[in-house]
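Q: structure of the sequence below:
(one chain, ligands or ions: 1)
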Amino acid sequence: MQALLAMWAEKFTVYPDGAELPTHHDHCLGCGPNNPHGHHLRALRHGDGVQAWHTFDNRHVGAPGIVHGGAVATVVDDLYGCLLFLEGGPAVTRQLTIEYLAPVLIGAEYRLQADVVRREGRKLFVAARATEPAGRAVITSTAVFVKVSVEHFAQGSPPGVPAD
Ligand SMILES: CCCCCCCCCCCCCC(=O)SCCNC(=O)CCNC(=O)[C@H](O)C(C)(C)COP(=O)(O)OP(=O)(O)OC[C@H]1O[C@@H](n2cnc3c(N)ncnc32)[C@H](O)[C@@H]1OP(=O)(O)O
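A: Model (predicted):
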């Protein structure tokens, strides 16, 4: 676990506009490349925010052909987690809201964007949206993240993540 925490700390650095951001860790449900159930999200810095292009597959189906709302929330939450790399330190989700404006479809590509709306003490107020290629928003979201120390994550040592 100490090695993982040290690795995380190194990820909080400067990323130029357009740069691909790192994953949280290899088994992260949102972005980890080695999680077979995961979304394998890849996020890029976009101005002061982050963006990603994402296509859901049948592992995340709810109603036939339509993405499960919880899977959508997972990806949005993880995108906010990528925004933290630009903030210079970790934070965790304290509140997450999703407005489901239209069905998110399996196999369709969406553009996701997340930005910090304002900072207040240890709180980050953030907002995100997913849009179709034609530009229509299918979801919008807001969230409150609370900054924590890296040691916050020492509370957990989940399966598949090496604890030393
Ligand atoms: C590579 C590096 C990765 C590093 C990790 C990056 C992320 C990991 C991966 C990313 C994956 C994706 C991300 C994930 O999945 S993160 C995983 C999911 N989230 C969690 O596990 C968090 C669990 N919660 C906690 O640990 C505690 O509750 C924390 C530490 C967050 C705060 O506990 P604490 O006892 O200290 O504080 P508090 O709860 O009294 O309140 C805190 C503040 O918030 C204000 N407040 C509360 N509600 C609202 C509201 N609705 N609107 C506006 N404000 C609200 C409240 O008034 C207070 O304000 P203030 O009094 O301070 O002014």
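
Q: center of this structure, which residue is that?
A: Nearest to the mean C-alpha position of the chain, counting by C-alpha atoms, centre = their mean, stands Asp78 at 1.6 Å.

Q: could you list the buried residues of the helix or strand of the chain with the lowest mean pLDDT?
A: Least confident element among the helices and strands of the chain, by mean pLDDT, DSSP states H and E: helix 2-11 (a mean of 80). With burial defined by 16 or more other C-beta atoms under 10 Å, the residues of helix 2-11 counted as buried are Leu4, Leu5, Trp8. C-beta: built from backbone N, CA, C; applies to glycine.

Q: and that helix, does that touch the ligand?
A: Yes: counting by C-beta under 6 Å from any ligand atom, the ligand has neighbours in helix 2-11: Trp8, Lys11.

Q: next, the contact list for the closest residue to the ligand within the chain, please.
A: With C-beta to the nearest ligand atom as the measure, Gly81 is the residue of the chain nearest to the ligand, at 2.6 Å. By C-beta atoms under 8 Å, 6 or more residues apart in numbering, the contact list for Gly81 reads His24, Cys28, Gly30, Cys31, Thr93.

Q: so what are the sheet partners of the host helix or strand of Arg129 and their directions?
A: If you go by DSSP states H and E, Arg129 is part of strand 123-131. Note on strand 123-131: by DSSP bridges, its sheet partners are strand 109-120 (antiparallel), strand 137-147 (antiparallel).

Q: show me which residues of the chain sit near the ligand.
A: 8, 11, 24, 30, 77-78, 81, 84, 90, 92-95, 121-123, 144, 146, 148.

Q: in the longest helix seen in the chain, which residues are buried?
A: Counting by DSSP state H, the longest helix found in the chain is helix 69-87. Using 16+ other C-beta under 10 Å as the test for burial, helix 69-87 gives 71-86.

Q: and if you look at stretch 45-56?
A: Buried, per 16+ other C-beta under 10 Å, within stretch 45-56: Arg45, His46, Gly49, Val50, Gln51, Ala52, His54, Phe56.

Q: let me see the contact set for the third one.
A: Translated: Gly49. So Gly49 contacts Leu83, Leu86, Gln113, Ala114, Asp115, Val116 (C-beta under 8 Å, 6+ apart).
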